[in-house]
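>>> following is a predicted model, sequence given first.
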Amino acid sequence: MQTSILNGLAQSLAVSFPEQLQKLTELSKRSHQENVPLTTLIVENSILDSLALAEFCEMQFGIPLLDLDAVDTQTIPQEYLNEKLILKHHCLPVYTQSKTLYVAMADPTNAPALEDFGFSFGLHVEALLVEESKLTQAIGSLLNAEGSLELGDISDTDISDIEVGKEDSRLDETQKKDDDAPIVVYINKLLMDAIRRGASDLHFEPYEHRYRVRFRIDGILHEIASPPVNLANRFSARLKVMSRLDIAERRLPQDGRIKLKLGPNKAVDMRVNTLPTMWGEKVVIRILDSSAAALNIDILGYDEKQKQLYNDALSRPQGMILVTGPTGSGKTVSLYTGLNILNTTEINISTAEDPVEINLPGVNQVQINTRAGLNFASALRAFLRQDPDVVMVGEIRDLETAEISIKAAQTGHLVLSTLHTNSAAETLTRLLNMGVPAFNIASSVTLIIAQRLARRLCPHCKKPSTISNSHLPALGFDQEQLGKTITIYDPVGCNKCTDGYKGRTGIYEVLPMSEAVAEAIMADGNSIEIAKIAVAEGMSSLRRSALQKAAEGLISMAEVQRVTNV
């Protein structure tokens, strides 16, 4: 019998139950691919029932069996209820004694769980064996009580402080009668929790054997919940009702919006997109929480020189400021920060956006509507007849929009916009490739900001890295940076952050249009040549800016590599 392809619990079971080898192999693969506890799959597929599995493990591994029904989970110390670790490893801390943390688990071969709990809390960890079904129930019950998102008995959750905006979700009477259903309460609870955690996106994803919900927090996706797969259609249907989409249409992608009112003075807009997949409709929600946006240039992560260059460009009466970077790199906040600085009673500002992400009182914001014929180019033409001082275009997507934007910048208007390029220098060559004449680029563009967002190290638990100073030059630190004392830090993880990171900071590459750069554009210079000129004139590349933040102890080297490995 070949059991070498299995390990841990599955291998032990295969030895004792050889007739189940093929099934155990399949379940092991599923457990790894779908991130579902193997013990859950074993019980669900009737290899053994929950009690029989626990008794097998007790006899096989010599670990005492604990009856979770006899444990008052409400007495578990709050500081050890790390939701991420509990859900990741399907384990539950139950009590501490003499600097030892006792963790209930259904799979006693899950050594990484013991290591993670021990590393996170600085305690020796011992395993206590429990039944799979009771463990699942205890985790769901406990985390629901603490505000988690496991789909258990959620119908009593109080969400009276949330309502769907009337203008965006006009439900018929049948749908209104369902508002007390657990699925409705649960989705509202998910949305509220996403806002509370500062998530930018929610992913509702159906698969063959499971359904999962993920939040994108600080640029990284985290699995939050795994509701029963048979609820997949009810999830997508409810979200489509809230966003005024066609519930019956499951073959084509759809786009909608949700407006959540969180009290008399606050509302959050959300963009909703559905996508038909092999196992059902995947729904992604982008949260547009204008109240969470910090439009203060001093806290965005610019160094003093970069901040001065941005302020100088904003103070000019005309010209073009371009912000570039991938989706989710913070371009919108950088643009809105500039608009916020310019937003005074003496200046007329108009913006064309798709969508309008942050409401700025005093700014004339236009929502693009391509179905009605209102695109960026047509909005720009209208702006030029509206006596503007400042114009913001959400994105330069084509030659027509680029030409009108440059014309506006050359005729006494300050224009702000974005492109999707990897670096500041590549933005100039992108405009050339669009067909914009080199002279127009050189004479209208005043500043280009390329940016990324890197996760900040948690100040409460970060620790000095083991990287030797002799290795710093190989990592990219230059002589100027090496001339100062450098301490690199690594993420750890604590109760305040869970994974070693808390919040994000910007990484910037700010390129002003100097005479030398303009000459390089006129001479059809490529992006590499332009970047060399800019660096020679004092520009910090994205990589150098990221390394500087690592040297200051703000971000880890792993984040430097993640956000600047272009």
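Noted; the coordinates are in hand.
>>> any weak-confidence spans in this protein?
1-7, 34, 73-74, 141-181, 263-265, 290-294, 483, 566 (pLDDT under 70).
>>> longest helix in it, please.
As assigned by DSSP state H, the longest helix anywhere in the chain is helix 182-197.
>>> now do the same end-to-end measure for stretch 476-491.
End-to-end distance of stretch 476-491 (Cα to Cα, to the nearest Å): 20 Å.
>>> ok, and what's touching that stretch?
With Cβ atoms under 8 Å, 6 or more residues apart in numbering as the test, stretch 476-491 has contacts from 457-458, 461-467, 469, 472-473, 499-501, 543-544, 547-548, 550-551, 553, 556-558, 560. C-betas here are computed from N, CA, C, even on glycine.
>>> repeat that for stretch 456-472.
475, 482, 486-494, 496-497, 500-505, 553-557.
>>> narrow those residues to those that are buried.
486, 488-494, 497, 500-502, 504-505, 553-557 (16 or more other Cβ atoms under 10 Å).
>>> tell me which element the most centrally placed residue in the chain is part of?
With distances taken as Cα atoms, centre = their mean, Arg216 lies nearest the centre of the chain, 2.7 Å away. Here Arg216 sits within strand 211-217, counting by DSSP states H and E.
>>> show residues contacting that strand.
35, 149, 190, 194, 197-205, 221-229, 231-232, 235, 328.
>>> over to the spatially closest residue to Val283 that is not a sequence neighbour: give its phi and psi.
Counting by Cβ to Cβ, 6 or more residues apart in numbering, Val283 lies nearest to Phe204, which is 4.3 Å off, once chain neighbours are set aside. Here is the backbone geometry of Phe204 (degrees, to the nearest 10): phi -110, psi 110.
>>> and if you look at Gln318?
Dihedral pair for Gln318: phi -150, psi 170, per degrees, to the nearest 10.
>>> ok, it - how many residues close by?
As a burial measure, Gln318 scores 16 neighbours (other Cβ atoms under 10 Å).
>>> which SS class is the closest residue to it other than its chain neighbours?
The shortest distance from Gln318 to any non-neighbouring residue, by Cβ to Cβ, 6+ apart, is to Gly412 (5.1 Å). Put simply, Gly412 is coil when judged by DSSP: H, G, I helix; E, B strand; the rest coil.
>>> surely Gly412 touches Arg316?
No. Between Gly412 and Arg316 there is no contact under Cβ atoms under 8 Å: 10.7 Å.
>>> ok, what's across the strand from Leu275?
Lys282 (DSSP bridges).
>>> what's it in contact with, if anything?
Taking Cβ under 8 Å, 6+ apart as the test, what Leu275 contacts is 253, 281-284.
>>> between those residues, which sits nearest Ile521?
Set against Ile521, the nearest of these by Cβ to Cβ is Val284 (38.4 Å).
>>> number of nearby residues for that closest one?
17.
>>> my guess is it contacts His203, does it?
Yes. Between Val284 and His203 there is a contact at 5.5 Å, judged by Cβ under 8 Å.
>>> state the next helix or strand along the chain beyond the helix or strand encompassing Ala546.
For Ala546, the host element (DSSP H and E) is helix 542-551. Where DSSP H and E defines the elements, the next helix or strand beyond helix 542-551 is helix 557-564.
>>> could you check the angle helix 542-551 makes with that following helix?
Relative orientation of helix 557-564 versus helix 542-551 (axes from the mean of the first three to the mean of the last three Cα atoms, to 10 degrees): 160 degrees.
>>> convert helix 557-564 to PDB, retaining C-alpha atoms only.
The C-alpha trace of helix 557-564 is given here as PDB (Å, rounded to 0.1, in the frame of the first residue of the first chain):
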ATOM      1  CA  MET A 557      12.000  43.900   3.000                       C
ATOM      2  CA  ALA A 558       9.300  41.500   2.000                       C
ATOM      3  CA  GLU A 559       7.000  44.500   1.300                       C
ATOM      4  CA  VAL A 560       9.900  46.200  -0.600                       C
ATOM      5  CA  GLN A 561      10.100  43.200  -2.900                       C
ATOM      6  CA  ARG A 562       6.300  42.800  -3.200                       C
ATOM      7  CA  VAL A 563       5.500  46.400  -4.300                       C
ATOM      8  CA  THR A 564       8.600  47.300  -6.300                       C
END
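>>> buried ones in it, by neighbour count?
For helix 557-564, burial by neighbour count (16+ other Cβ under 10 Å) applies to 557-560, 562-564.
>>> out of these, flag the one nearest to Ala70.
Ala558 (42.8 Å).
>>> which residues does that closest one contact?
Contacts of Ala558 (Cβ under 8 Å, 6+ apart): 490-491.
>>> ditto for Ile368
Per Cβ under 8 Å, 6+ apart, neighbours of Ile368: 352-355, 374-376, 379, 394.
>>> nearest to Arg271 among the residues you listed?
Pro355 (6.2 Å).
>>> am I right that the closest one is in contact with Met270?
No. With contacts counted by Cβ under 8 Å, Pro355 stays clear of Met270, the gap being 10.2 Å.
>>> neighbour-wise, which of those two wins?
For Pro355 versus Met270, neighbours defined as other Cβ under 10 Å are more numerous around Met270 (24 against 14).
>>> so that one bridges to which residues?
Bridge pairing for Met270 - DSSP bridges - gives Ile258, Ile287.
>>> who are the contact partners of it?
191, 243, 257-260, 285-288.
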